[in-house]
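Chemist: Requesting a structural model of the entry that follows:
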Amino acid sequence: MFKSIRWRIAFPYILLILALMVGVGLYLSSFLTNNYKAYLEQQLTNEALLASDAIARRVADGAPPDELDRLAKHWSELIGARVTIIAPDGQVVGESDFDRTLMDNHAHRPEVNQARNTGRGSAIRYSDTVGYDMLYVAVPIRGAQGGAQGETLGYMRFALSLQQVDQTINNLRGSLISAALIGSLLAVFLALWIVNRTTRPLEDLIQAAGQMRQGNFSARLIPASNDEIGVLTRTFNDMAIELQADITELEAERSRMAAVLGMMTDGVIIVDPQNRIQLINPAAVSMFDIVHPEVEGHSLIEVVRHHQVDELLAASRKLNDSQTTTIEIPARQIYLQATATPLGAALPENTLLLFQNLTRLRRLETVRQDFVSNISHELRTPLASLKALTETLQESALDDPPAAQRFLSRMATEVDALGQIVEELLELTRIESGRVPLKMSPTPPEQLIAKAVERLNEQAERAGLTVEIDCPIDLPPVLADATRLEQVIVNLLHNAIKFTPSGGDIRLSAKTQDDLVIFAVQDTGVGIATDDLPRIFERFYKTDRARSGGGTGLGLAIARHLVEAHGGKIWAESVEGRGSTFYFSIPTVE
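Modeler: Model (predicted):
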């Protein structure tokens, strides 16, 4: 309970109020009791003086005790108190309430002694006669001729029961206690009201701060006063506005940075001085084939599992400068250029690792080298043959017309081969550049397959191969340039015939899948090695078996570009020694 500021303020205040009320009550009770008794004592004393003065002559004249009893009773009735007339020797000579003959000598009673010595006396004590406390007041009865200096004729004593006095005082105390309780309750309620009014803005501030902690920065408070709490409330609102603006700006900046990092093709990793990853983008996750992308806080070497990265990071920190190296991941055939750069004042002791994927550049370089090698190989053979035939003609064959005719025929064949290479290169270049117009029209798939088989059926029969067609006639038509798409099927069928041993089977099929028609050319030939399979659609790329079979190596490249120009995709599946299957997809007519 005392953890709350409300009770830390209210509880001492309530204790103070109660202590004050109790103290004031006790003081007032004692004060009123004393003053009331003093008032009664003074009142009785004054009445005793009047009575003593009134009976002084009678006492001086030697009035008998019976008359004094009558006078005592008369005064008792007048003032409502017990009246006792005492002789100078202490003998009771007049009594209003009791039989004086049975009463003891009163010479040594405190009030009588005090009256004898000072002229007035009073005492409060328990009365054995009546059985309760009494207030006694005694004054001397003096002779008339002497006044204050006259002879003491006796003592006039008034006694008042304190039972009634105590009851009256108790009533006053009850009233005081009631008033104190009511005042205390009112003070407590007032204290609680003041505390609640004071602490309510603080509670509102706490709730608003809690909402801000949960991410709700739109929480605002209405100032209820112009005091310190009101100033604190307005300051809190201003702080919330500024904080919301800062958070919004930071979130926007973070979103921009996340978008940039997410769209970057380069991998980015930031590590702290303990080599723990603080940031990693999706490109880096993909490059290192990280299964669980939530790797912030993990060790760099644990995540990338590549010693060269760790060595690069160590070198950059040692030299406090950027370091670059090339990393190869053989398992995935990926080449990376890694750069480690200390971030300096931006992020002290943190290091930025940047990974650029050079795999495509390496592959393009390899394709370029292979292209030069392949085109050189393809041109070297016919050119060498032409050179040899030309030299032979120049040396001796011109004198032998039949031999010269044979040489010229062979030269024409080599020139045709060169022409075919150039023509296919030009055709491929036009297709790649998009300069070949496609005459698109709805075409039945079975028609394309049938025409291609018709063109090469005789060649397949000479090779001792069986060609099968599996193409339902109810397939939807495809939107295609029939001539160009037929060329694709012819190229694939020609390769299947070329690389399938005699007695093998070739199967052409088509089926629908979603909004596509999937064409397939399947053979039982020699197959394609797994390492060669990703590159068979490159220009001039040939496997070792392909080279033995002749050809320019451009057929599959032309087929790929023609299929892609139709909005489709071409791919191959093969198991070396067990044949190959070439697929391509073409969209159907909408």
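Chemist: The closest residue to L485 other than its chain neighbours: what's it in contact with?
Modeler: If the residues on either side of it in the chain are set aside, L485 comes closest to L448, at 5.6 Å by C-beta to C-beta, 6 or more residues apart in numbering. The way it works is simple: take the backbone N, C-alpha and C, and place the C-beta from them, glycine included. Counting by C-beta atoms under 8 Å, 6 or more residues apart in numbering, L448 touches 478, 480, 482, 485-486, 489, 519.
Chemist: Give me the distance between the two termini of stretch 143-150.
Modeler: Start-to-end span of stretch 143-150 (C-alpha to C-alpha, to the nearest Å) is 5 Å.
Chemist: pLDDT score assigned to the spatially most central residue of the chain?
Modeler: Most central in the chain under C-alpha atoms, centre = their mean is Q214, positioned 6.5 Å from the mean C-alpha point. Listed pLDDT for Q214 reads 73.
Chemist: I'd like the numbering to begin with 501 instead of 1 from here.
Modeler: Sure, I'll start counting at 501 from here, so that last one is Q714.
Chemist: returning to that earlier point: can you turn the buried part of the contacts of L948 into a PyMOL selection?
Modeler: For the buried members of the contacts of L948, the matching PyMOL selection, counting by 16 or more other C-beta atoms under 10 Å, is:
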select buried, resi 978+980+982+985+986+989+1019
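Chemist: just the helices in the protein please.
Modeler: Along the chain, the segments classed as helices by DSSP state H run 505-560, 565-579, 610-618, 662-713, 728-763, 782-787, 800-804, 807-819, 859-895, 901-933, 945-962, 982-998, 1044-1048, 1055-1065.
Chemist: Lowest average pLDDT across the ones you listed?
Modeler: Minimum mean pLDDT among the helices of the chain: helix 1044-1048, a mean of 43.
Chemist: contacting residues for K939?
Modeler: Counted by C-beta under 8 Å, 6+ apart, K939 has contacts 981, 983.
Chemist: Could you check how far the residue nearest to L681 when sequence neighbours are not counted is from T966?
Modeler: For L681, ignoring the flanking residues on the chain, the nearest one in space by C-beta to C-beta, 6+ apart is M521 at 7.9 Å. Separation of M521 from T966 (C-beta to C-beta, to the nearest Å) stands at 118 Å.
Chemist: what's the answer for G683, then?
Modeler: Applying C-beta to C-beta to G683 and T966 gives a distance of 118 Å.
Chemist: Next: L544.
Modeler: Using C-beta to C-beta, L544 is found at 151 Å from T966.
Chemist: same deal with D704?
Modeler: In terms of C-beta to C-beta, D704 sits 89 Å off from T966.
Chemist: Between the two, tell me which one has more neighbours.
Modeler: For D704 versus T966, the count of surrounding residues by other C-beta atoms under 10 Å is larger for D704: 17 against 13.
Chemist: Compute the number of surrounding residues for the closest residue to N820 other than its chain neighbours.
Modeler: In this structure, N820 finds its nearest non-sequential neighbour in P842, 5.8 Å apart by C-beta to C-beta, 6+ apart. If you count neighbours by other C-beta under 10 Å, P842 ends up with 18.
Chemist: one step back: the residue nearest to L681 touches S684, doesn't it?
Modeler: Yes. When contacts are counted by C-beta atoms under 8 Å, M521 is listed as touching S684 (4.6 Å).
Chemist: Mind checking which of the two has more residues around it?
Modeler: When M521 and S684 are compared on other C-beta under 10 Å, the one with more neighbours turns out to be M521, at 20 against 17.
Chemist: Can you name the residues that contact the residue nearest to L681?
Modeler: Applying C-beta under 8 Å, 6+ apart, the residues near M521 are 680-681, 683-684, 687.
Chemist: Give me the ChimeraX select line for these, limited to the buried ones.
Modeler: Here is the ChimeraX command that selects the buried residues among the contacts of M521 (16+ other C-beta under 10 Å):
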select :680,684,687
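Chemist: How many neighbouring residues does the residue nearest to G643 when sequence neighbours are not counted have?
Modeler: Counting by C-beta to C-beta, 6+ apart, G650 is the residue found nearest to G643 once chain neighbours are left out, at 3.7 Å. Neighbour count of G650, defined by other C-beta under 10 Å: 15.
Chemist: V695 now?
Modeler: Neighbours of V695 under the rule other C-beta under 10 Å: 20.
Chemist: And it, how far from L681?
Modeler: Distance from V695 to L681, by C-beta to C-beta: 21 Å.
Chemist: how deep is P1001 tucked in, by neighbour count?
Modeler: By other C-beta under 10 Å, 12 other residues sit near P1001.
Chemist: Tell me how far the residue nearest to it when sequence neighbours are not counted lies from I1006.
Modeler: Counting by C-beta to C-beta, 6+ apart, G1025 is the residue found nearest to P1001 once chain neighbours are left out, at 6.8 Å. Using C-beta to C-beta, one obtains 8 Å as the distance from G1025 to I1006.
Chemist: Ok, P588 next?
Modeler: 165 Å.
Chemist: on that earlier part again, residue contacts, the residue nearest to N820?
Modeler: Taking C-beta under 8 Å, 6+ apart as the criterion, P842 is in contact with 816-817, 820-822, 850-852.
Chemist: Can you get me a residue count around E541?
Modeler: Neighbourhood size, E541 [other C-beta under 10 Å]: 19.
Chemist: who's in contact with stretch 1019-1036?
Modeler: Against stretch 1019-1036 from outside (C-beta under 8 Å, 6+ apart): 867, 945, 948-949, 989, 992-993, 996, 999-1001, 1004-1010, 1041, 1043, 1045, 1056, 1072, 1074-1086.
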